[in-house]
Each structure stands twice: as structure tokens, then as C-alpha cells.
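Enquirer: The following comprises the amino acid sequence and a computationally predicted model.
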Amino acid sequence: MSGAHTEEHHDTHQQSWWSTYVFSTDHKTIGIQYLFLSLFFLLVGFCLMLLMRWQLAYPGQPLPIIGKWFGEANMPGGVMLPQFYNQLGAMHGTIMVFLGVVPLGFAVFGNYLIPLQIGAKDMAFPRLNMFSYWSFLAGGLLMVSSFFLPGGAASNGWTSYSPLSDIAHDGQTVWLISMAIIIVSSLLSSLNFITTIFNLRAPGMTFERLPFFIWAQLITSFLLLLAFPPLEGAAFLQLFDRLLGTSFFLPTGLFVNGQIYNASGGGNPLLWQHLFWFLGHPEVYVLILPALGIVTEIIANNTRKNIVGFPIMRASVIFLGFLSFVVWSHHTYLTGMGTDITAFFQTTTMIISIPSVIIISTLFITLWGGSIRFNMPMLFALAFLPMFGFGGLTGLPLGLAATDIPLHDTYYVIGHFHYVVAPGVILGLFAGIYYWFPKATGRKMNDILGHLHFWPTLISMNFVFFPMLIQGLMGLNRRMYDGGATYSFNHDILYWNVVISWAAWILALAQIPFIFNFFYSIFNGEKVHSDNPWGATTLEWATPTPPGHGNFTKPITVYRDPYSYSLPGAPRDFSPQDQKEI
Amino acid sequence: MEDHLQKDEFKRDILIYFCIIAMTGLIVFISHLQLKVAGIFLIVPIAILEAGILGYYFMHLMTKKRTVHLILLLTVIVFVTLLFWPAWDVVYSPRTPSEFTKY
Amino acid sequence: MEHPTEEFIPYIIESRPDTGLYNAKFGIWLFLASEVMLFGSLFSAYILLRVGSFSWPVQSEIQNVAIGAINSVVLLSSSIFFIRAWVALKADDIAKYKKFMSLVILFAFVFLTLKGVEYYQHFSHHEYPKTSVFLGLYFLMTGLHALHIIGGIAVNSFYIGPGLKLREINKQWFINRVEVAGLYWHFVDLVWIFLFSTLYLL
């Protein structure tokens, strides 16, 4: 998919098949490699959840047929053991966040589009880029392979809290090492993206003329660059605790299985929580920002309008990035913090909702008076807006310390963050796939299959996550392998577990049209007859389809703002950025 | 001409070198006095000064443009946040009462 | 003679006017920013654990402050040598460049040797990472720092060894690479200043 070599590039390197398609330094090929890998991990993480949902809907009952595949250690007689449920839970979170959504949003779209949208021929450090991909592959495979350890994979939540994680079985060690490798891969990508955006912009491409997608990727890169290393440090600390017997996170006088634990003590489990969430909170903005960038591109394109208040959006996203570093302790409200520090984090958390609301509002306002085209990317983008908005609103009671007290660690939290990530971010990422598919392949994805994917997905997602909000408000705790059946106060809401599970399984069925559509359209999709089938203004559409090595066939100069749609006096309803006349 | 400039730079670098060594000696001496809290407030700023001088002259920070300065400023702010906020939690929290806790 | 990909990717050799940086220099400063955060998390751990502890050993009694101070001088000297090497390289004096760069590598090995002596002294007093939180932090932080020194040694050795061939492709490009390696090396020195102050003197 890197396309033919452009004729004017008189390179002497005769690229073998291996260096063109496998060990490629071309950002587009690397982006596609990340695409297949992250979609695969997304599917794996999704399947883990489907398995969990059986146990939650029908606790203690054998899973027909499939249950026997997992062996006697995990599902004897097809009945899921609690230990296995915990592994599924921890790995579902880890894989979805670190191996699925972030690579898809950041590495796939970033790698493919950043050089294209800024008018560059490739990233600033192509070989480093290749190294990022391969180390991501190594870390990801190591992470998934931990399921095959004797004790199984990590089973302590994606948050790996101490002291339990310090003394847990080997799967946790593999989790830590995999995370370290994935973090290195991510760091190198971020510095590649930032350097590229700053240094390789085409002439005329000022920061004000950068598409919002690039701004979003830029801020995301800074978040990853500065927030991931503390988790790496924390991983080293926990590895030392596990492998060398140190006590960074083990308090004095810890009892394990009725006996005092043999370590020096003097450590603090809170330290892990602070270091983890110092990354953990910026991480959720890493999840959302690429999707916001994608949706903005698609909305501008399909309303044939400039984004209303674009400078305010830019300022908001910068402010958001900055604030995301000072809100993390809203995840630790219930650890016995003092009131001063709680008040501080509560205030910053409330303030950070302002830029998010501004961004979503500007996108909504842009729709007003627009000439809206309801193609598949636009449907996904339009669905993103209210879903993400709603999910964000459900976060407000969690951000306020007093209301967080009954809601912390309940299904309300799970409902909240899944609303923003699943009907939110993932719909935005799907929108991006449908939107840029013609540029990468020269073919459109099938619309009928697209509708078969979109409508059941949107509806079933709501049936999966809305009931979780109800359950959480009624006090159902998260991470309980029997879905709360042990506690009598949950009995009235247990039936929702069955509803949610069936909705999840229908959601799974709804992805089949997408998987089929994706692969089928690569070979047999309807061909596009233009390099710019959507009539867009940004530079990635000024390339051949698919773009070749070097991307552009002539030198690029940028003359105008990114969303120059429907300019007065223009011959068409869009004016590409690289076109001199209006 | 180039040579002359180089000699000046060389002299300046040697001067910085001995400055940093002298400051290292100073903080070793202060540490020897076992001043406890006061010691921390003396040693840490001097160490920051040492590092600052090294960064400024040896890493040519003074010749860098605004871009690098801004990125470093951002990093420093984030770094300081990471450094002190978690400790704030431990010091002032009711779960580990210390002489600082108000409860 | 142009660097092979200079046409393809600009600003490998000359700096971009508005940012004032060539790509690798921009990249290394970003990398150093992430390293600040990495070591920062360990310093944060130190502060939190020490402030929250009932008792903390008198560090200067456990540590060999003399060796630590000597190591500070050693690393600082290697930084000066690196600057001399870079200046010589810019003046096209390859022999001098190789001499000074070799001194950088030599002094780096001296540093590691002294560190090894210190670790050995600790182990022979039964002072292991698991003995106390302070010692755990000491070994982790200086160990991570030592890994960075080893990485620096590898890079610097490459640039007086096989890496010199790159200079034949484009001189300025090679000078840039050595400058970038130098920034990394100065940073390693800078981290040591804080490690020494925090783990030995406070």
C-alpha cells in the first residue's frame, strides 16, 4: 500500500520486498502495519470481554463449546474460575488501552497522516519510526503471551495496584516488562511526531494553518512524551519489589496469608497510585484527542464549512493538554487524602471540563447552517459527538469528591469511561478508517455494509454501557467475578447483567460486517475516480492515490487555512490549501 | 580569528568546570555539617545552580531558540508537579498523621 | 556532497530558520525532556518515601561520599573532554577529536569502575537493595544512571570507531551527530549532580 515510486526520486536503493513491505521506513507502510496490529489487539481485547460477560450474566454456569478451549486451569468443565476472570479483566483493560485504542488513534492515524497533512515527504526520523513499530510488536506479543504462563496473565486490573501487584504471580512481571517496552516505543514515536510537526512543515504551513488533527496529535505527543516516563519509573520500582525484594510499595507490617511478609517495609502503596495515575490521567486524553482530531476533519469536510471558533479550539486543546497533568489525583479521592489536596484536584478537574466542553460545542455549532452530507464517516462522526458528550457529563459526579464517595470503584465508573472510549473514541476512529480508506487504497468501503456496522453498533453500545451507570448508582462494585451476586443489595439489578451481556454479544456480531467490508473493499471496493473523492481541502488529498514514496509529486506551498470551504467568490465549495487561486 | 574565539571559549569552559567543582566541594562541606532541614534548603538550590550552569554553558542552552526554552519550561513545570504533589498527599493526609497533619 | 536523504527530508544538516534547530537536535532535547520525567519519577518516589517514613538512615554514614565526589569530578571532566572533542571535530582536527573522545570513554569507564567499587563495598557490608528503602532507591537510581552511562559509552565508541565512516558522506552531518551525542552525555552528567546531592549529601 505504499504505492509506486514517484519518477523524479532517483533513488539508488533498489528496495527488496522485505524493505518495502516488512522493514519499511515509509511512514505510510508503518501506519498500515500499526493498523493491522492494533485492530488485531482490539479484537483480542474485545473477545476477552465477551468471555467475561458470560460469567457476569450466568455466574458459575459452564460456557457451551467455547468453555472447553481454555483448559482445566482456567475453566474446569467450562466454568470460569475467579482467577481467570481477573486475568481477563486486567488484560482486557491493558490490551484495549495500550495495545488497541492508543496505537490505533495515535500511531496509525498519526503515522499515516502527519507528513501528508503538513506537506512533508516522511517523518523526521524514518528508521526510528520503524524501530518504534517493531518494539511495539515485541512488547505487545510479550504482553499477550503472558496468558500462557503457568500462573496465567496479570490479574490485578490494568491499574496493577500495590501491594497486591508486588506479590502476585509471574504474569505481573511480564506485564511490567511488556509495558516498559511499549512505553519506549511510544516515547520514540512521540518525539518523532513532534520533531516532524515543528521542523518539516511545508512552506506556508504556519501553525495557524495546521489542521486541527495535527494540533491534536501534537498535544497527544507531548502528553505521551512527558507522562509515560513516570509509569516506566514506577514499573522499575515494582520490578525491584518483585524481583529484588525491595519495599518501595510494601508498607511496614504487611500480612500476607496470615503471616508477616518478609521485607524491610517502609514503603508506600500510595506511591504506586500517584505514579500510575500521573500517567493514567494524561493517558485518557491520549485516547480522546486523536479521535477529536479525526472527527473535526470529517465534520468540516461534510458540512462544507469552516470550523466555528477554530482559534478557540486550538487554545482549548493546548490548555487541555497542560491541565491534564494536574488532575490525576481525582483517581485517588478515596485513599484518605487530606481535604486541601482533595480540594485542589477537584478544582482542576472541574476546570478541565471547560476546554473539553468548548471543543465539543464548537463542533456542534459548526453543524448549524452547514450543508451536511450523511456519508459513512460523517455518520460515525455525528454519533461521536453526543456519545462523547454524554460520557463526559457522567464524569462530573466522579470528578467531585463528595459524589465520588459512593460511586468510586462501582460500575458507574466503568459506564463512564466506556461511554467516552467506546461509543466515543472508537466510533471516531471508525469514522477515520471509513474516511481515509479511499486515499490509502483507491477504493471506497461499501456503504450498505457500513450501515449494517454502524446502526447495530451504536444502539447495542448504549445497551451495554447505560445499564452500567444504573448498576453503579445502585452500588454494584466493579471487578467482581460473579457480577455482584454475592451481595444481597445487588439482587434487584442483577438482571441488567444479562441485558448487558446480550447487548455485548450483539455488538460483537455487528463488527462482522466491518471486518468483512474492510478486507473485501481492499480488493473489490468501488474504485474512486479522483485523488480527492470527498472534496477536502487538506494536503493529504493533494497526493496520488495511494501516495507514493515521497508523497507529493510537486513541491508544496500552503496558501490558506485548513478548512477553506465555501469561500465567497471561490469557483468550488472547497479551496485546497496548496492551490494558489482561491 | 577562529582560534582566538576558541581559546576564549576554552578559557570560559575551564572556568565553568572549576566553578562546578568548587560548588560540589561546597555542598559536600555543607553536608558534613549535618544541618538537617536547613541543609536541604542549602544543598538543593546549589545543586540546581550547578546543573543550570552546566546546561546553560555546556549544552549551549543560551544559544537555543525559543522553541527549546518553551519545551524545557513545560517539562520543568510538569516535573516539579510530579516531584512535590504526591509528597503533599503523604505529608498532610489524615491516614498517616504526622506533625504536619491538621487532624 | 549531500547526505543521501537530505533531499527527501530537510533540516538534517542545516537548521530550520524559525525553530533554529536541525531535526536531530530537536529530537534529542525532546528525548532529554522525557528522561527528566523518568528520573523525576524516581526523585518523586524518594521525596514521598522519605517524607512519609518513620526513620531514614543518615545517608552520609552509609555512603562513600569521597568516591561519590570523585565520581562527580570524573564525569564533569569527561564532559569537558567531550566539548574539546567536538571543537576539534569542527576544526577538522580528527586526531585531536579521537584523542579527546577516547578520554571521554576512558573517564566513563573510570566512573563505572568506582561505582562498582562502591557497590562491592555495600554488598560486603550486607547492604543490598532489599535492606532498606533508601538502599533500594540508591541502587535503582544509580543503576539506571549507570545503564545510561553504558549506553553513552556505546554511542561515543561508535563515533570514534565504525561511525567515522559517516563523516565521509557529509562532514557537517557527522558534526551534528556528535553534537547530539554530546547533549546526551552532558545530560547524564547533569543527572549525576542531582543523584550525588540527593543520595549522598542530604
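Expert: Cool, got the structure. None of these values were measured; they are calculated from a predicted model.
Enquirer: who touches residue 131 in this structure?
Expert: Because you didn't say which chain, this covers chain A. A:Ser185, A:Leu188 (C-beta atoms under 8 Å, 6 or more residues apart in numbering or on different chains). C-beta coordinates here come from the backbone N, C-alpha and C atoms, glycine included.
Enquirer: hmm, I had chain C in mind actually
Expert: A:Ser264.
Enquirer: For it, give its distance to C:Glu168.
Expert: As judged by C-beta to C-beta, to the nearest Å, C:Thr131 and C:Glu168 stand 53 Å apart.
Enquirer: number of nearby residues for the residue of the stretch 1-150 of chain A found nearest chain C?
Expert: In the stretch 1-150 of chain A, the residue that lies nearest chain C is A:Ala124 (4.4 Å; C-beta to the nearest C-beta). Residues contacting A:Ala124 under the criterion other C-beta atoms under 10 Å in any protein chain shown number 27.
Enquirer: Relative to A:Asn199, how far out is it?
Expert: 6 Å.
Enquirer: Mind listing the shared neighbours of the two?
Expert: Common neighbours of A:Ala124 and A:Asn199 (C-beta under 8 Å, 6+ apart) are C:Tyr11, C:Asn23, C:Phe26.
Enquirer: Pick the one among these closest to chain B.
Expert: Nearest member of those to chain B, counting by C-beta to the nearest C-beta, is C:Phe26, at 7.5 Å.
Enquirer: List the contacts of A:Leu218.
Expert: Counted by C-beta under 8 Å, 6+ apart, A:Leu218 has contacts A:Phe193, A:Ile194, A:Ile197, A:Leu210.
Enquirer: what's the span of stretch A:202-219, first residue to last?
Expert: Terminal residues of stretch A:202-219 lie 20 Å apart, using C-alpha to C-alpha, to the nearest Å.
Enquirer: burial measure for the residue lying closest to A:Gly484 once chain neighbours are set aside, as a count.
Expert: With C-beta to C-beta, 6 or more residues apart in numbering or on different chains as the criterion, A:Gly484 has its nearest non-adjacent residue at 3.8 Å, and that residue is A:Asn490. Using other C-beta under 10 Å, A:Asn490 has 21 other residues around it.
Enquirer: Can you verify my assumption that A:Asn490 contacts A:Asp482?
Expert: No - at 9.6 Å, A:Asn490 does not count as touching A:Asp482 under the criterion of C-beta atoms under 8 Å.
Enquirer: per-residue pLDDT, C:Glu2?
Expert: Looking at C:Glu2, its pLDDT is 47.
Enquirer: One more: the one 5 residues further on?
Expert: Confidence at C:Glu7, expressed as pLDDT, is 75.
Enquirer: neighbours around it, how many?
Expert: 13.
Enquirer: Roughly how far does it sit from C:Asn176?
Expert: For C:Glu7, the distance to C:Asn176 (C-beta to C-beta) stands at 17 Å.
Enquirer: cool, and A:Leu191?
Expert: 16 Å.
Enquirer: Which one's more surrounded, the two?
Expert: Each of A:Leu191 and C:Asn176 has its neighbours counted (other C-beta under 10 Å); A:Leu191 has more, 27 against 20.
Enquirer: how much space is there between the residue lying closest to A:Ile182 once chain neighbours are set aside and C:Met37?
Expert: Spatial nearest neighbour of A:Ile182, excluding adjacent residues (C-beta to C-beta, 6+ apart): A:Gly139 at 3.9 Å. Applying C-beta to C-beta, the value for A:Gly139 to C:Met37 is 19 Å.
Enquirer: can you check B:Ile27 too?
Expert: 25 Å.
Enquirer: what do you get for A:Trp541?
Expert: 37 Å.
Enquirer: List the contacts of the residue in the stretch 351-500 of chain A that chain C sits nearest to.
Expert: The stretch 351-500 of chain A approaches chain C most closely through A:Ile352 (20.1 Å), counting by C-beta to the nearest C-beta. Contacts of A:Ile352 were listed using C-beta under 8 Å, 6+ apart, and they are A:Leu320, A:Leu323, A:Ser324, A:Val327.
Enquirer: what do you get for C:Gly20?
Expert: By C-beta under 8 Å, 6+ apart, the neighbours of C:Gly20 are B:Lys64, B:Lys65, B:Arg66, B:Thr67, B:Val68.
Enquirer: and residue 107, how many neighbours?
Expert: Went with chain A since none was named. There are 27 residues near A:Ala107, going by other C-beta under 10 Å.
Enquirer: could you do chain C instead?
Expert: The burial count for C:Phe107: 21, using other C-beta under 10 Å.
Enquirer: That one is in what secondary structure piece?
Expert: helix C:94-124 (DSSP states H and E).
Enquirer: Leaving out chain neighbours, which residue sits closest to the residue nearest the centre of chain A?
Expert: The structure's chain A has its C-alpha centroid closest to A:Val101; by C-alpha atoms, centre = their mean the separation is 2.7 Å. Leaving aside its sequence neighbours, A:Val101 sits nearest to A:Leu287 (C-beta to C-beta, 6+ apart; 5.5 Å).
Enquirer: Then A:Leu142?
Expert: Closest to A:Leu142 by C-beta to C-beta, 6+ apart is A:Ser178, at 4.5 Å.
Enquirer: Correct me if wrong: the one you found contacts A:Gly139.
Expert: Yes - when contacts are counted by C-beta under 8 Å, A:Ser178 is listed as touching A:Gly139 (4.9 Å).
Enquirer: Quickly name whichever of the contacts of A:Leu218 is closest to chain C.
Expert: Nearest to chain C among those, with distances taken as C-beta to the nearest C-beta, is A:Ile194, at 5.7 Å.
Enquirer: What is the burial count for the closest one?
Expert: Going by other C-beta under 10 Å, the residues that sit close to A:Ile194 add up to 25.
Enquirer: How about A:Leu494?
Expert: Around A:Leu494 there are 18 residues (other C-beta under 10 Å).
Enquirer: which residues does it contact?
Expert: Here A:Leu494 is in contact with A:Gly483, A:Gly484, A:Ala485 (C-beta under 8 Å, 6+ apart).
Enquirer: Just the buried ones from those residues?
Expert: A:Gly483, A:Gly484 (16 or more other C-beta atoms under 10 Å in any protein chain shown).
Enquirer: re earlier: I'd like to know how far the residue nearest to A:Leu142 sits from chain B.
Expert: Separation of A:Ser178 from chain B (C-beta to the nearest C-beta, to the nearest Å): 23 Å.
Enquirer: Ok, C:Lys96 next?
Expert: In terms of C-beta to the nearest C-beta, C:Lys96 sits 12 Å off from chain B.
Enquirer: Can you verify my assumption that A:Ala510 contacts A:Pro456?
Expert: Yes - the pair A:Ala510 / A:Pro456 is scored as a contact, 3.7 Å apart, by C-beta under 8 Å.
Enquirer: Quick one: the contacts of A:Leu218 as TSV, columns for secondary structure and pLDDT too.
Expert: Formatted as TSV, those follow (DSSP: H, G, I helix; E, B strand; the rest coil; pLDDT from 0 to 100):
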residue	secondary structure	pLDDT
A:Phe193	helix	98
A:Ile194	helix	97
A:Ile197	helix	97
A:Leu210	coil	97
